[in-house]
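# My questions concern the predicted model and sequence given below.
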Amino acid sequence: MANWCNNAVVFEGRPEAIEQIQQLFKAMAEKQKKEECGQLPDFVEDNNGGYFFNIYWNEGDKGIFQYETKWSPNTEVLKKIAEQYEVDFVQDYEELGNGVYGKSTFYDKLLTDIYLEDEDFEAYQFEEETDIYHFEGEEYGSDCEILETLLERKIKNHQLLNQAQ
């Protein structure tokens, strides 16, 4: 049985393109309910997974979706959608059972994927007896804030490296 990777994506671009993407996700969500299996857009080849499961969005949101994938994010499929409709996107994803946590951006036809690695997950400890996380001398009731801090640092370091080049 697959571990489920939680994904959130925000598409940005021309309003007409965002509306077309909204209709695409609506059609995939309806088809999934009928067929009870993951979905891909018709223009994406079915050759290496990346299926969308349990697609949903908040009423009134345009171009903002949450969904699940098996094991890992489907960033390459999102890139194909963005290229098809000539838009940008930001994707946040996590599957903590396998140490998957990151953020992908597709801006101006450039894909950047920044994610936590094993040593990042080893930067904090969990104490089972007290249900407390320990990170840099502080205590936390959950690892959410820690993971976000670690990812933000990696993103900032990536940006600094790109500016220096």
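Alright, I've got the coordinates. Residues are numbered from 1 along each chain as shown.
# and the most far-flung residue of the chain relative to its centre, how far is that from residue 50?
Taking CA atoms, centre = their mean as the measure, the residue most remote from the mean C-alpha position of the chain is residue 129, 31.9 Å away. Using CB to CB, to the nearest Å, residue 129 is found at 40 Å from residue 50. Quick note: C-beta positions are derived from backbone N, CA and C, even for glycine.
# Please apply the same query to residue 58.
Distance of residue 58 to residue 50, computed by CB to CB: 23 Å.
# Mind checking which of the two has more residues around it?
Comparing residue 58 with residue 50 by other CB atoms under 10 Å, the one with more neighbours is residue 50, at 20 against 8.
# what's near enough to touch the more buried one?
By CB atoms under 8 Å, 6 or more residues apart in numbering, the contact list for residue 50 reads 40, 44, 69, 74, 76-77.
# Secondary structure element for residue 30, which one?
Assigned by DSSP states H and E, residue 30 falls within helix 15-35.
# The following helix or strand past that helix pairs with which strands, parallel or anti?
Past helix 15-35, further along toward the C-terminus, the next helix or strand under DSSP H and E is strand 53-56. Its sheet considered, strand 53-56 pairs with strand 64-70 (antiparallel) by DSSP bridges.
# For residue 13, which non-adjacent residue is closest in space?
residue 87 (3.1 Å; CB to CB, 6 or more residues apart in numbering).
# Residue 9 bridge partners, please.
In this entry, residue 9 is beta-bridged to residue 65, residue 91, by DSSP bridges.
# my guess is it meets residue 90, correct?
Yes. Under the criterion of CB atoms under 8 Å, residue 9 makes contact with residue 90 at 7.1 Å.
# Compare those two (neighbour count), which wins?
The neighbour count for residue 9 versus residue 90, taken as other CB under 10 Å, is higher for residue 9 (26 against 17).
# Over to residue 152. Which of the three states is it?
Under DSSP: H, G, I helix; E, B strand; the rest coil, the three-state class of residue 152 is helix.
# pLDDT weak spots in the chain?
Counting by pLDDT under 70, the chain shows low-confidence ranges at 1.
# what about residue 147, neighbour count?
21.
# Does it touch residue 101 like I think?
Yes. Using CB under 8 Å, residue 147 is in contact with residue 101, at 5.4 Å.
# joint contacts of these two?
Counting by CB under 8 Å, 6+ apart, the shared contacts of residue 147 and residue 101 are 94, 116.
# if we can go back for a sec, just checking the distance from the helix holding residue 30 to the centre of its chain.
Its chain's C-alpha centre and that of helix 15-35 lie 18 Å apart, by CA atoms, centre = their mean, to the nearest Å.
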